[in-house]
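K.L.:
Below: sequence and its predicted model.
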Amino acid sequence: MSERVGEQILPPPGDLCKDTTPPVLTCPDITRTVELGVTGTQVIWTEPIAADASGVAILVSRSSDPGTFFFVGTTDVTYTFTDGSGNTASCTFRVTVVTEDTTPPVPTCPDITRTVELGVTGTQVTWTEPTATDASGVVNIVSRSINPGTFFPVGTTDVTYTFADGSGNTANCTFRVTVITVDTAPPTILNCPQEAIAVAVSFNQDQAVVNWPVVMAIDNSNTQSVTQRTHNSGDVFQVGTTTVTITFGDSSGNTAQCVFGVVVYQVDSTAPQIIGCPADITRTLTLEQDTVQVFWTAPTASDNSGNAPTITSNFAPGDSFGLGEWRVVYTVTDEAGNSVQCTFTITLIRGVDV
Ligand SMILES: [Ca+2]
Ligand SMILES: [Ca+2]
Ligand SMILES: [Ca+2]
Ligand SMILES: [Ca+2]
C-alpha cells in the first residue's frame, strides 16, 4: 500500500489488507486548580494522539478546543479520529477544575484610644473583637495576645489577633490600644478668703490700701498658675464693696476662681461739737431762800455724721439749786459713741439783807 498526499487511493475490492481496525487513542484526564472564588480557567492541553496500523490517523472532531474556558467542576472533552479506511474512534477525557483556598483571611483591626483622667495609671479596655473576611466565608479567631477587658496602662500597647480560614491559611493583625491622660480637673484653691475683707477708714477718707494673704492653688498637673486677677493685694480700694476675682488655670485650660469681697467702710471717729456751752453762773440767795431756780440756755450740738447726737445732762434749766457750787455736765454722744462734755459751774451765795 502506498499513499500520496492529497489523493486517496482506495484499495481494490476484496483486498485482503482491508483495514478494519480503528485508531487507538490515549486521552488522559486533566485537572486544574484555581483559587477559591474564581469561576473557572482557560485550560490548555496537549492534544491526544491516535495511533493506527495504517499510519494514518486524522482528527475528525473535538468537543472543546484547547484554551477553552472551563468552569469549576468537571467537563467531558471528546476527541474523534479516523484512519484512512473510515474506521473511527472516540475518547473522552475529563477536564476537572477544582478550587483551592490558598488565600489567607483579610482582617480589619482598628486602633483603639481611651482617655483617663490625669494621674490615673490606666484603665480596663474592652472592644468588639476584630473581624476578617475570607472567600471561603469561614474565619475563626485562632489566638489573641490580650483579651478584651484587660487593664491597659497609660501608653500604647499592641494587641495581635490571628485568624484562620477553613483551609488553614492564617493572617495576623495588630492594633494599638492607646490610653492617654487628659486633665479635666480644675485647680483646687487652698486659701480663698471665706468672708469679705473689711477695712475701716475715718469719715474724711474715701479709700484704703487693702492687703490679703497670698491665695494659692494646687492642681493634679502641677502646672497651675494665676491666669487673671482683678486686683492685687496692696491695691487701693475705694469706699464701698469691691469684688476681687483671682483665676487659676492649669495647662489644659481648666480654671478655678477665688472670689471675695473687699469692703472699705467709713467709721465716725470724730466727736460731736457742742455749741453754746454756758458760762459759769452765780446767783445770790436771800436770807429767806433755801433754793432758787436757775435758768440757762442749754447748749446744742452737731456732728460730722450729719445725724443729731444725743445730749444728756445732770441738770436742766429751771432746776432749783441750793447754797454752794454745782457742776453742770452736758454729755454729747454721736451714733458711733464718740462723746464730748461741756461743763459749767453754778454758784449760789448767801446774800445780805440790806
Ligand atoms: Ca486502522
Ligand atoms: Ca482563604
Ligand atoms: Ca488640672
Ligand atoms: Ca462724729
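P.N.:
Yep, that arrived. Ligands and ions are numbered 1, 2, ... in the order given.
K.L.:
Please make it C-alpha for all contacts and neighbour counts, starting now.
P.N.:
Will do.
K.L.:
Could you identify the helix or strand that succeeds the helix or strand of the chain with the lowest mean pLDDT?
P.N.:
None of the helices or strands of the chain scores lower by mean pLDDT, DSSP states H and E than strand 225-229, at a mean of 89. Per DSSP states H and E, strand 225-229 leads on to strand 236-238 as the next helix or strand towards the C-terminus.
K.L.:
tell me the mean pLDDT for that following strand?
P.N.:
Strand 236-238 shows a mean pLDDT of 98.
K.L.:
The least confident helix or strand of the chain: partners in the sheet, and parallel or antiparallel?
P.N.:
strand 240-249 (antiparallel) (DSSP bridges).
K.L.:
Give the buried residues for the strand it pairs with.
P.N.:
241-242, 244-249 (16 or more other Cα atoms under 10 Å).
K.L.:
by how many degrees do the helix or strand just after that strand and strand 240-249 diverge?
P.N.:
Next helix or strand after strand 240-249 toward the C-terminus (DSSP H and E): strand 255-267. Angle of strand 255-267 versus strand 240-249, following axes from the mean of the first three to the mean of the last three Cα atoms, to 10 degrees, is 160 degrees.
K.L.:
Show me which residues of the chain are close to ligand 4?
P.N.:
When proximity is defined as Cα under 5 Å from the ion, the chain approaches ligand 4 at 268, 270-271, 303-304.
K.L.:
Can you tell me which of these is nearest Asn314?
P.N.:
Proximity of those to Asn314 was ranked by Cα to Cα; the top entry is Ala271 with 19.8 Å.
K.L.:
got a list of what His231 touches?
P.N.:
Shown in contact with His231 (Cα atoms under 8 Å, 6 or more residues apart in numbering): 244-246.
K.L.:
Now do the strands in the stretch 201-350 of the chain.
P.N.:
For the stretch 201-350 of the chain, the strands defined by DSSP state E, counting those that start in this stretch cover 207-209, 217-218, 225-229, 236-238, 240-249, 255-267, 273-275, 281-285, 291-293, 300-302, 310-313, 320-322, 324-333, 339-350.
K.L.:
quick one: low-confidence ranges for the protein?
P.N.:
Scanning the chain with the threshold set as pLDDT under 70 gives 1-16, 353-354.
K.L.:
residue of the stretch 151-300 of the chain with the smallest distance to ligand 2?
P.N.:
Residue nearest to ligand 2 within the stretch 151-300 of the chain: Asp165 (5.2 Å; Cα to the ion).
K.L.:
Phi first, then psi, for the residue nearest to that residue when sequence neighbours are not counted.
P.N.:
Nearest non-adjacent residue to Asp165, counting by Cα to Cα, 6 or more residues apart in numbering: Val139, 4.6 Å away. Dihedral pair for Val139: phi -140, psi 130, per degrees, to the nearest 10.
K.L.:
What residues does this protein have near ligand 2?
P.N.:
Where the chain comes near ligand 2, counting by Cα under 5 Å from the ion, the residues are 101, 103-104, 134.
K.L.:
of all those residues, which two lie farthest apart?
P.N.:
The span of these, defined through Cα to Cα, is set by Asp101 and Asp134 at 9.3 Å.
K.L.:
who's in contact with stretch 58-71?
P.N.:
Stretch 58-71 is contacted from outside by 39-47, 77-84, 95, 97, using Cα under 8 Å, 6+ apart.
K.L.:
got the contact list for the residue of the stretch 251-354 of the chain found nearest ligand 3?
P.N.:
Nearest residue of the stretch 251-354 of the chain to ligand 3 (Cα to the ion) works out as Asn254 at 6.1 Å. By Cα under 8 Å, 6+ apart, the contact list for Asn254 reads 183-187.
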